[in-house]
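Colleague: Turn this into a model:
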Amino acid sequence: MGIGGLDREAHVAEGTGAAAAPRTLAEALRARGDEGLAALLRARPDLLNPVPNDLTQLATRAGTRGSVVRALERLDRFALQTAEALAVAPDPAPYPVLLALLTGDEGDATIEAALPGAVALLREQALVWGEEDRLRLVRTARELLSPSPQHPSPTGLGPTVAEATSGMSPGRVQEIIATAGLAATHDPVSAVAALSGLFTDRARMGALLDEAPPEALAVLDRLVWGPPYGEVTANPAPPVRWLRDRGLLLPVSARTMVLPREVALHLRGGRAHRAPEPVAPEVGVLREHRPQVVDGAAAGQAHTALATVEELLKSWDKGGPQVLRAGGLSVRDLRRTAAALDVTEEVAAFWLELCHGAGLLASDGEADERYAPTPAYDDWLDLPPAERWARLVTPWLAATRAPGLAGGQDAKGRTLSVLGPDLDRAAAPEVRHRVLGLLATLPPGAAADPETLFARLRWERPLRGAGNSGNSGNSGNSGSSGSSGSSGSSGDEGAGRALPGDLRSRLARWALAEAELLGLTGRGALSAPARALLNLPLAEAASPADEGGGVEESVAAGRAATLLAPLLPEAVDHVLLQADLTAVAPGPLRRPLGDALAVLADVESKGGATVYRFTPGSVRRALDSGLAASDVHAFLAAHSRTPVPQPLAYLVDDVARRHGHLRVGAASAYVRCDDDTVLGEILADRRSAALGLRRLAPTVLAAQADPAALLDGLRAMGYAPAAESAEGDVLITRADAYRTPARTAPVPVPDGPPAPDATLLGAAVKAIRAGDRAATAVRREPAAPTPAGALPRTSSAETLATVQAAAMTGSAVWIGYVNADGAASQRVIAPVRVEGGFVTGYDHTADEVRTYPLHRITGVAELADDQV
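Modeller: Coordinates of the predicted model:
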């Protein structure tokens with residue numbers, strides 16, 4: 001819809017007083033103060049892209065379908081029910097009529113108290129305008145929320161009598177009013193009015209229904225709360241005929257009848273909704289703990305999260321699994337990762353997405369593309385534990401990825417892969433912030449009842465959660481309006497492992513589980529570091545907010561890390577060696593000790609104390625890395641609080657004695673040994689047949705396998721060979737870490753334009769006001785009138801003379817201007833200097849002094865005397 005559409009006629013006429021009732025949405029916006037306009041732009045930031053030229057254009061943009069749908073999606077349930085009631089009310093509707101539709105005949109003090117706030121919210125967002133006695137829902141919102149056969153109203157109401165009889169013959173209308181006991185009229189319009197009057201008259205309507213057969217009343221009961229349409233046969237049953245003959249059911253097709261809106265409202269006692277919800281549901285408390293217990297449990301889980309991320313990325317140090325052609329990780333590799341981490345596939349998917357979102361994991365971009373840690377991972381490892389935790393949870397809060405959708409299918413039936421495309425859901429960050437914010441409203445240490453929390457979320461954004469509900473207005477449910485353009489994206493209904501329910505509820509469930517995994521919550525309650533991260537008070541319940549309270553993200557993360565640091569277990573610099581060839585780490589090991597022990601031993605079990613086991617293979621791995629037996633003995637003695645057990649010392653010496661006795665080099669490959677009997681044993685062993693060995697000399701064997709395969713084959717046979725260089729020196733095989741090129745963390749997919757800051761709002765309101773002053777300035781009528789919306793047209797001589805005269809008298813003029821890009825605009829300027837083919841003056845539209853080339857001015861017109 002262009003500027004010439006909605007509210008094109010909405011220019012304030014000269015002399016219109018401030019108290020005059022607005023005739024259009026543009027006039028209603030024009031009557032607002034700057035704070036009111038800023039509130040509208042803050043609530044609907046899509047209206048700022050780009051900044052409207054004037055208030056008429058702002059009103060037009062506010063009435064477009066896409067913008068209205070987005071605004072409706074952000075309404076809470078009662079505000080949406082108020083809009084739905086206005087959509088079925090007369091247009092315009094007095095405030096008492098709206099109140100009656102929500103309270104019914106019996107009234108409701110709670111609704112009466114809440115309704116002014118809901119109307120004020122709809123006004124603020126430019127969805128409703130007009131005075132109290134003439135409330136109007138914007139046209140697009142009315143079209144979206146009004147009943148129609150294709151999109152039933154969330155109220156469950158049908159069309160009015162006038163709408164349902166619009167295609168009916170005048171004779172048939174006269175038959176209906178005669179059967180209903182009304183006097184005949186001379187035209188169908190008055191006949192329809194008489195029938196509507198009957199249905200809205202409580203006394204007469206009650207008397208008519210008193211005559212109805214019980215079976216007919218049962219039919220009405222089935223239709224009263226919606227859907228209002230019902231199918232009938234060619235020869236309807238007597239109760240249906242009785243209702244049809246009196247207009248209580250009206251035909252919309254040969255086989256379909258509809259319950260008129262006026263009849264349904266009478267049967268409902270005047271209520272548009274079965275269950276209005278003026279008050280947000282309370283979030284219940286499931287259990288309560290001492291805050292210290294919550295913080296301790298959260299810190300323990302935060303430590304586990306750090307260890308899990310480190311273990312995952314360390315296992316991919318030499319390069320992780322391949323990237324699927326369509327992007328993402330294969331199901332087989334996800335299962336392997338889950339088995340390695342000893343977690344479920346769903347939890348493994350979360351850790352992978354977390355690492356990816358934090359910029360610690362990415363694809364290497366090579367031809368044979370693989371996943372691997374990024375250089376940022378090494379920087380992350382160097383940070384203190386609390387700061388590493390903050391670097392994980394901060395991007396998680398803002399991430400739009402939804403790992404819980406992995407394993408499901410998109411709209412085309414394709415499987416959604418971890419780390420692959422199509423896992424972004426724009427609502428995810430808002431839901432995470434809101435879930436944590438609602439937890440913050442509870443007393444410290446209190447865990448929320450999940451079902452009440454989800455009910456609160458559904459009340460706050462009913463349309464956002466309408467993706468799967470499919471409820472068409474029964475019970476007054478507002479979750480399936482025709483405007484339900486929910487941003488849940490396609491294919492969510494097919495999420496194979498996703499929990500049942502609408503997308504918003506599933507995102508909330510995942511947010512609770514992920515917050516527990518990360519240590520933001522402990523035993524279901526919000527921890528003190530999480531409150532600091534969200535910029536919430538630490539010692540008392542806070543009013544939740546969708547956005548932070550003004551503290552910069554880095555500052556909030558620093559505060560959270562400071563609170564978490566003393567709660568994390570201290571790193572230890574020793575282990576406890578045991579006689580069964582194991583070592584017990586009584587806590588998290590310091591990094592140099594942990595890295596060295598990971599080479600020398602294998603992790604057997606994890607938990608509060610990690611158990612490492614020494615094996616011949618792990619000791620050989622240490623010797624391959626360049627350590628000697630004496631180095632291993634010294635390392636164990638220096639870092640063990642218990643004496644080195646004799647079995648462990650024997651194991652080290654035994655492996656060291658055999659290590660390097662065989663030497664493998666590249667011929668294609670050869671084996672060299674000073675003891676020719678050992679080479680004879682290898683040749684005689686049938687397991688060596690695959691290596692293609694043959695003797696070149698008493699102490700040298702040649703192989704058809706490459707050196708790496710030869711080393712692996714000999715080790716599988718129980719030998720401890722060492723690789724050597726062309727010069728005969730032993731090659732030290734340290735595990736070099738593989739890293740991707742430098743990668744930036746993925747950018748979240750925004751849910752529409754970002755929220756404008758105060759500076760942008762102030763500048764936008766100022767520009768819109770200035771443009772509106774220029775657009776609504778009253779101009780003197782030229783000899784040849786200028787069509788509405790067209791640029792003024794004058795000759796070059798007339799233009800020059802007019803601006804020169806305006807510069808001499810200090811008056812303002814209206815000009816048409818075309819810039820270097822060919823964009824045309826109308827401006828009001830007060831010329832101060834005209835020379836050299838340029839006019840310099842104060843531009844009321846831009847609210848600054850500007851210079852314009854005269855040859856780009858299409859024409860000029862003087863303003864009316866009282867506008868100068």
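
Colleague: before we move on, which element is residue 832 in?
Modeller: Here residue 832, judged by DSSP states H and E, is contained in strand 824-835.

Colleague: For that strand, which helices and strands make contact with it?
Modeller: Packed against strand 824-835 by the contact rule (3 or more Cβ pairs under 8 Å, 6 or more residues apart in numbering; DSSP states H and E) you find helix 758-776, helix 796-809, strand 813-818, strand 838-843, strand 848-853. In this view, the C-beta of every residue, glycine as well, is placed from N, C-alpha and C.

Colleague: Sheet partners, orientation included, of the fourth one?
Modeller: So the one you mean is strand 838-843. strand 824-835 (antiparallel), strand 848-853 (antiparallel) (DSSP bridges).

Colleague: What segments of the stretch 201-350 of the chain are helices?
Modeller: All helices of the stretch 201-350 of the chain, identified by DSSP state H, counting those that start in this stretch, fall at 202-210, 214-223, 238-245, 261-267, 291-315, 331-341, 345-357.

Colleague: Save those as CSV, and put in distance to residue 636 and mean pLDDT too.
Modeller: Shown next, in CSV, are the helices of the stretch 201-350 of the chain (distance: least, Cβ to Cβ, whole Å; pLDDT from 0 to 100):
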stretch, distance to residue 636, mean pLDDT
helix 202-210, 94, 91
helix 214-223, 82, 92
helix 238-245, 92, 91
helix 261-267, 84, 93
helix 291-315, 22, 93
helix 331-341, 27, 93
helix 345-357, 33, 95
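
Colleague: what would those look like in CSV with mean neighbour count and distance to residue 80?
Modeller: Shown next, in CSV, are these (neighbours: other Cβ atoms under 10 Å; distance: least, Cβ to Cβ, whole Å):
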stretch, mean neighbour count, distance to residue 80
helix 202-210, 13, 28
helix 214-223, 15, 23
helix 238-245, 17, 32
helix 261-267, 24, 19
helix 291-315, 19, 35
helix 331-341, 16, 40
helix 345-357, 23, 33
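
Colleague: can I get these in JSON lines with distance to residue 522?
Modeller: Compiled in JSON lines, the helices of the stretch 201-350 of the chain are given as follows (distance: least, Cβ to Cβ, whole Å):
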{"stretch": "helix 202-210", "distance to residue 522": "58"}
{"stretch": "helix 214-223", "distance to residue 522": "51"}
{"stretch": "helix 238-245", "distance to residue 522": "61"}
{"stretch": "helix 261-267", "distance to residue 522": "51"}
{"stretch": "helix 291-315", "distance to residue 522": "3"}
{"stretch": "helix 331-341", "distance to residue 522": "21"}
{"stretch": "helix 345-357", "distance to residue 522": "18"}
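
Colleague: circling back: show residues contacting the strand holding residue 832.
Modeller: 53, 773-775, 777, 791-792, 800, 803-804, 806-807, 810-819, 839-846, 849-850, 852, 854, 858, 863 (Cβ atoms under 8 Å, 6 or more residues apart in numbering).

Colleague: Nearest approach to residue 230 belongs to which of the strands paired with strand 838-843?
Modeller: strand 824-835 (55.8 Å; Cβ to Cβ).

Colleague: now the closest one, how far from the centre of its chain.
Modeller: 46 Å (Cα atoms, centre = their mean, to the nearest Å).

Colleague: looking at the helices and strands packed on strand 824-835, which has the lowest confidence?
Modeller: Comparing mean pLDDT over the helices and strands packed on strand 824-835, the weakest stretch is helix 758-776, at a mean of 82.

Colleague: what about the helices in the stretch 551-700 of the chain?
Modeller: So, for the stretch 551-700 of the chain - with DSSP H, counting those that start in this stretch - the helices run 553-564, 591-600, 616-624, 629-639, 646-658, 676-684.

Colleague: Mind putting those helices into CSV with mean pLDDT?
Modeller: What follows is the helices of the stretch 551-700 of the chain, written out as CSV (pLDDT from 0 to 100):
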stretch, mean pLDDT
helix 553-564, 89
helix 591-600, 86
helix 616-624, 88
helix 629-639, 91
helix 646-658, 90
helix 676-684, 85
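
Colleague: Please name whichever of those is nearest to residue 363.
Modeller: That would be, of the helices of the stretch 551-700 of the chain and by Cβ to Cβ, helix 591-600, which comes in at 25.6 Å.
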